[in-house]
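**Student:** Okay, here's the prediction I keep looking at, along with the sequence it came from:
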Amino acid sequence: MTIPRIAFLMLVTASTLILVVALRAETTRLNYAISRLDAEAIELRRRAASCELEIARLRNPLALERIAERLSAVAEEHVTSGDAEPPR
């Protein structure tokens, strides 16, 4: 083998090894990003479920009736106490 051929093969080998290392680094970075996004998706699903439970709780007719009674009682207190404006 001639010296230029050996140099060329060493260059190709080094380039291939650098490419492999770069691809492994990119794969690791992307796997970390996927893990982070999976964790975020799990948290968002948990929050969505919590919001759906809150909506269901607030749509409950008994809960609405209790809220209306409390608001009515607060409004009556302010009317009887002489407050000019109801609380906001």
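**Tutor:** Here it is on my side, so go on.
**Student:** Tell me the gap between stretch 68-81 and the middle of its chain.
**Tutor:** 40 Å (C-alpha atoms, centre = their mean, to the nearest Å).
**Student:** Ok, stretch 50-58 next?
**Tutor:** Centre-to-centre, stretch 50-58 and its host chain are 19 Å apart (C-alpha atoms, centre = their mean).
**Student:** ok, and what's touching that stretch?
**Tutor:** In this structure, residues lying in contact with stretch 50-58 by C-beta atoms under 8 Å, 6 or more residues apart in numbering are 63-64. Using the backbone N, CA and C atoms, a C-beta is placed for each residue, glycine as well.
**Student:** Go through that stretch and flag the buried ones.
**Tutor:** Neighbour counts over stretch 50-58 (16 or more other C-beta atoms under 10 Å) mark no residue as buried.
**Student:** After the strand or helix carrying Tyr32, heading C-terminal, what element do we hit next?
**Tutor:** Applying DSSP states H and E as the criterion places Tyr32 in helix 3-59. Scanning forward in sequence from helix 3-59 by DSSP H and E, the next helix or strand is helix 61-81.
**Student:** Run the angle between that next one and helix 3-59 for me.
**Tutor:** On the basis of axes from the mean of the first three to the mean of the last three C-alpha atoms, to 10 degrees, helix 61-81 is oriented at 60 degrees to helix 3-59.
**Student:** can I get the CA coordinates of stretch 5-14 in CSV?
**Tutor:** In CSV, the C-alpha atoms belonging to stretch 5-14 read as follows (Å, rounded to 0.1, in the frame of the first residue of the first chain):
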residue,chain,number,x,y,z
ARG,A,5,-3.7,5.3,0.1
ILE,A,6,-2.9,4.7,3.8
ALA,A,7,-3.6,8.4,4.6
PHE,A,8,-6.9,8.3,2.7
LEU,A,9,-8.0,5.1,4.6
MET,A,10,-7.0,6.7,7.9
LEU,A,11,-9.0,9.9,7.0
VAL,A,12,-12.0,7.8,6.0
THR,A,13,-11.8,5.8,9.2
ALA,A,14,-11.4,8.9,11.4
